[in-house]
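**Q** Sequence and predicted structure, then a few things I'm wondering about:
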Amino acid sequence: MTFTTKTVGRRGVIQGGAALGVGLAAPTFFNSPARADMHTGYLNAPQGGTVTLGFNVPQSGPYAEEGADELRAYKLAVKHLNGEGDGGMMNTMRINGGDTALQGNGILGKKVEYVTGDTQTKSDAARASARSMIEKDGAIMITGGSSSGVAVAVQALCQETGIIFMAGLTHSNDTTGKDRKANGFRHFFNSYMSGAALAPVLAANYGTDRKAYHLTADYNWGYTTEEAVTQATEAMGWETVNAVKTPLTQTDFSSYIAPVLQSGADVLVLNHYGGNMVNSLTNAVQFGLRDAEVNGKNFEIVVPLYSRLMAKGAGANVKGIFGSTNWHWSLSDDASKAFVQSFGKEYGFPPSQAAHTCYVQALLYADACERAGTFNPCGVVEALEGLEFDGLGNGPTLYRAEDHQCFKDVLVVKGKENPESEFDLLEVVEVTPVDQVMYAPDHPQMGGAEATLGSCNTGV
Amino acid sequence: MEAILLQILNGLDKGSAYALIALGLTLIFGTLGVVNFAHGALFMIGAFSAVTLSRLLSTSYTVIDESRTDFLGNPLKVEMPYLHDWFGPEFGQAIINWSVPLAILFSIPIMVAVGFAMERGLIKHFYKRPHADQILVTFGLAIVLQEIVKAVYGANPIPTPAPPAFSGSFDFGALIGFDPLQIMYPYWRLVYFAFAILIIGAVFAFLRFTTFGMVVRAGMADRETVGLLGIDIDKRFTIMFAIAAVVAGLAGVMYAPINSPNYHMGMDFLVLSFVVVVVGGMGSLSGAVLAGFLLGILESFASMAQVIEVVPGINQIIIYLVAILILLTRPRGLMGRKGVMEE
């Protein structure tokens, strides 16, 4: 038996060294100057063939249903970005008058992956889950949420850490008002816009000689909505009789509703959202407010921010009640129809406004990266600022550079009298043109002249 | 004057719910010596019994209506309740509309079963453990139960209306000579108040006038002596647990039309109900009922716009403020007995 021993000779060492040299040099080679710009110099720059987005939505707590719908929309957006499914609104979106830069091959050629976090609709929990997705999972962008308190908190975190934040459902003026940040963007409309859109419709339907009584959820969003609706309706000639703050944890609003009729008011404005809205509206109807006649007029109720998912909780009580909404599945433009088809085929029911805004935000972010040629937050900010887009369900829209707020038409809706299905709860009564809801970036309701975006942060 | 009357009326129905939950809590504490933090979950299960019955009665088959389309443009699927076929559209719908009152009967066996399962399956193992352990395990159970309900029914509130005959409100003010529209009160809340009085009366009568009740009261006063007399007091106390569960469940069933049931409604009531028990006096049934109504009415007054203007935020702390005051002046609560939780 012969044993042969392989020894490493001089030639072998040279060959091995060369191979190692090539191997070590490879990353440098692939990071040629042009590519280095794309994927270095900012936090969580994606290095492999994938890019990770962080979907921070309420998966538990009172807004879990909205969070679930947001997540469905994000998953659909990821599918479409990666070239799967029917493409949804990627087929209809128009960017600065031209086609989208998205090609259905991920973002900048990288396959889109995602991680999710649970905001629990609590600011601290939302910040913790966002931080975890940024630090542990390397998320390049955080998006989602169903509360303004959460949006403001997570937006501030993203600004500090150098990550882009594409807000989900947040309606408070503050998100793009006094608390605006360079790294944060909001597609959803806001309290000011609701007030400006609703007031003329209310005046047309209920007259200009009305006395309003406000019940307001005792937090950030409630205050800005009350302020916006009060100012807009008072400008139309209405008088505000009283405005009472109600605790966010309140479940039975009877003791707040009962004195309304004694006050001489003939309109009740419920600046409530979610479970608050369901309960206060139900209580108001129980106390006979809708059947009452005060000052020779029918008593009316107004809900400034409507959500179909919440309207479902209030059942028949929403019938005939005016409010505003960011988007509704019954819109007949090509983009909305494409989205409803795509979402409906995937999940079996129409999307909510929360799902819509989140889907749009994901697409707009991806398109901005493509156009900027980088995931670098400052590049994305530049690509989104002043962006004019269309074909995403709200008509022509501007992402204003000064406050990162989208400006588009606002829908005034009414609870439908004879719904044909469980989804058919609201009907669009007016599409308020964008000019009517436009305001100056330094508007007093938006934090005045002191409110600034600051500068974009790349995190390095 | 109208405002005061109105808030008293408002406080009565909120107080009714507090009183019913606190009554059950006190029954369990008085008999078994257990601080049951899962009692709010029983209230919630009661409300969801009403939701369940309403859904069962509305069970439907699908008919395709070719003349209309759904949101995807397909022919519309229309749900037709079986009850409409069996009893005709009008009577069938009437049965569905009356699902909340019918749920009173439906919920009793459910609550008895849940009460037995809870007591025999979990809580009995904690009788001899410290109160802190009992609080932890029952609180954990409450979280598990509410998560199960959330998994089955979702996180959104589910509208469960009262029968049409009781929807709307009546002008109580006009009845007693005030101007019209000054004191409006919903019919269903009046029904709720009357129902609460009935249940409270029934529980007191049961304890006062039946042999079973007499033994239970004796057991509450001195468990050991009653045991020495050869009476199986544990068995009776288990039955009392089930009765307390039924009381909480019925409070929940009837509350469903007042506020659409959601999975965390039990927790919303639980903490306040405990304050009610402590203010009323641990172990005192009449104290629990008295404190329930008292705190319900006080909370209503504190929510008046005029009061909030003078003392902002008073509506959120009034109950705790009163609890502190009462406990400072009467450490055993309004009607507390000596020796309860003092060993």
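**A** That came in fine, so what should we check first?

**Q** how about the helices of the stretch 301-450 of chain A, start to end?
**A** A:308-314, A:334-347, A:353-372, A:377-384, A:434-437 (DSSP state H, counting those that start in this stretch).

**Q** Now mean neighbour count, distance to chain B and mean pLDDT too, for those helices, in TSV please.
**A** Yep, even glycine has a C-beta here, placed from its N, CA and C like the rest. Output for those, formatted as TSV (neighbours: other Cβ atoms under 10 Å in any protein chain shown; distance: least, Cβ to the nearest Cβ, whole Å; pLDDT from 0 to 100):
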stretch	mean neighbour count	distance to chain B	mean pLDDT
helix A:308-314	24	4	81
helix A:334-347	20	5	96
helix A:353-372	26	12	97
helix A:377-384	22	31	96
helix A:434-437	15	26	96
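
**Q** which one of the ones you listed lies closest to residue A:154?
**A** Nearest to residue A:154, of all the helices of the stretch 301-450 of chain A, is helix A:353-372, at 13.2 Å by Cβ to Cβ.

**Q** What ranges does the stretch 51-200 of chain B have for its strands?
**A** Listed in chain order, the strands of the stretch 51-200 of chain B (DSSP state E, counting those that start in this stretch) span B:60-69, B:75-81, B:169-171, B:184-186.

**Q** Highest mean neighbour count out of these?
**A** strand B:184-186 (a mean of 26; mean count of other Cβ atoms under 10 Å in any protein chain shown).

**Q** Contacts (any at all) between chain A and it?
**A** Yes. With Cβ under 8 Å from any Cβ of the partner chain as the criterion, chain A is reached by strand B:184-186 at B:184, B:185, B:186.

**Q** which residues sit against that strand?
**A** A:258, A:261, A:286-288, A:292, B:9, B:168-173 (Cβ atoms under 8 Å, 6 or more residues apart in numbering or on different chains).

**Q** can I get the helices of the stretch 301-450 of chain A in CSV with distance to residue A:94?
**A** Converted to CSV, these look like this (distance: least, Cβ to Cβ, whole Å):
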stretch, distance to residue A:94
helix A:308-314, 27
helix A:334-347, 9
helix A:353-372, 10
helix A:377-384, 15
helix A:434-437, 16
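
**Q** and which of the residues of strand B:184-186 next to chain A is nearest residue A:144?
**A** Nearest member of the residues of strand B:184-186 next to chain A to residue A:144, counting by Cβ to Cβ, is residue B:186, at 38.5 Å.

**Q** tell me which residues form a beta bridge with that closest one?
**A** residue B:169 (DSSP bridges).

**Q** From residue B:252, how far out is it?
**A** Note on residue B:186: its distance to residue B:252, by Cβ to Cβ, to the nearest Å, is 18 Å.

**Q** Contact partners for whichever residue of chain A sits closest to chain B?
**A** Closest residue of chain A to chain B, Cβ to the nearest Cβ: residue A:315 (3.1 Å). For residue A:315, the contact set (Cβ under 8 Å, 6+ apart) comprises A:282, B:159, B:161, B:260.

**Q** tell me the phi and psi of the nearest residue to residue A:78 once chain neighbours are set aside?
**A** Using Cβ to Cβ, 6 or more residues apart in numbering or on different chains and skipping residues adjacent in sequence, the residue nearest residue A:78 is residue A:112, 5.0 Å away. For residue A:112, the backbone dihedrals (degrees, to the nearest 10) come out as phi -80, psi 130.

**Q** OK, contacts around residue A:112?
**A** Taking Cβ under 8 Å, 6+ apart, one finds A:50, A:51, A:53, A:78, A:81, A:82, A:106, A:366 in contact with residue A:112.

**Q** buried subset of these?
**A** Neighbour-count burial (16 or more other Cβ atoms under 10 Å in any protein chain shown) is assigned, among the contacts of residue A:112, to A:51, A:53, A:78, A:81, A:82, A:106, A:366.

**Q** does the fifth one really touch residue A:113, like I thought?
**A** No. Taking Cβ atoms under 8 Å as the definition, residue A:82 is not a contact partner of residue A:113, at 9.1 Å.

**Q** Helices along the stretch 1-150 of chain B, start to end?
**A** B:2-32, B:39-57, B:82-87, B:89-97, B:99-121, B:131-153.

**Q** Now the third one: average pLDDT?
**A** When pLDDT is averaged along helix B:82-87, the result is 94.

**Q** Excluding its own residues, what touches that helix? List them.
**A** B:57, B:58, B:59, B:60, B:61, B:92, B:93, B:95, B:96.

**Q** so how many other residues sit close to residue 123?
**A** You didn't say which chain, so I picked chain A. Residue A:123 has 18 neighbouring residues, counting by other Cβ atoms under 10 Å in any protein chain shown.

**Q** Chain B, not that one
**A** Neighbour tally, residue B:123, other Cβ under 10 Å: 22.

**Q** Who are the contact partners of it?
**A** B:32, B:34, B:36, B:134, B:137, B:138, B:241.

**Q** and it, how far is that from chain A?
**A** Look at residue B:123 and chain A: by Cβ to the nearest Cβ, to the nearest Å, they are 26 Å apart.

**Q** Enumerate the residues of the stretch 51-200 of chain B near chain A.
**A** B:68, B:70-72, B:76, B:150, B:154-159, B:161, B:167-170, B:181-182, B:184-186, B:188-189.

**Q** thinking again about what came up before, so which of the contacts of residue A:315 comes closest to residue A:61?
**A** residue B:260 (16.7 Å).

**Q** Tell me if I'm right that that closest one and residue A:316 touch.
**A** No. Counting by Cβ under 8 Å, residue B:260 stays clear of residue A:316, with 11.6 Å between them.

**Q** For these two, indicate the residue with more neighbours.
**A** Counted by other Cβ under 10 Å, residue B:260 and residue A:316 do not tie: residue B:260 has more neighbours, with 26 against 14.

**Q** you'd agree the more buried one is in a strand?
**A** No. Under DSSP: H, G, I helix; E, B strand; the rest coil, residue B:260 falls outside any strand and is assigned coil.

**Q** Give me the phi and psi for the residue nearest the centre of chain B.
**A** What sits nearest the mean C-alpha location of chain B, by Cα atoms, centre = their mean, is residue B:251, with 3.3 Å. Main-chain torsions, residue B:251, degrees, to the nearest 10: phi -60, psi -40.

**Q** before we move on, what about residue A:211?
**A** According to degrees, to the nearest 10, residue A:211 has phi -110, psi 120.

**Q** likewise residue A:271?
**A** Residue A:271 adopts backbone torsions of phi -80, psi 60, taken as degrees, to the nearest 10.

**Q** where does the chain dip in pLDDT?
**A** I'll assume chain A. Scanning chain A with the threshold set as pLDDT under 70 gives A:1-38.

**Q** meant chain B, my bad for not saying
**A** For chain B, the ranges with pLDDT under 70 are B:339-343.
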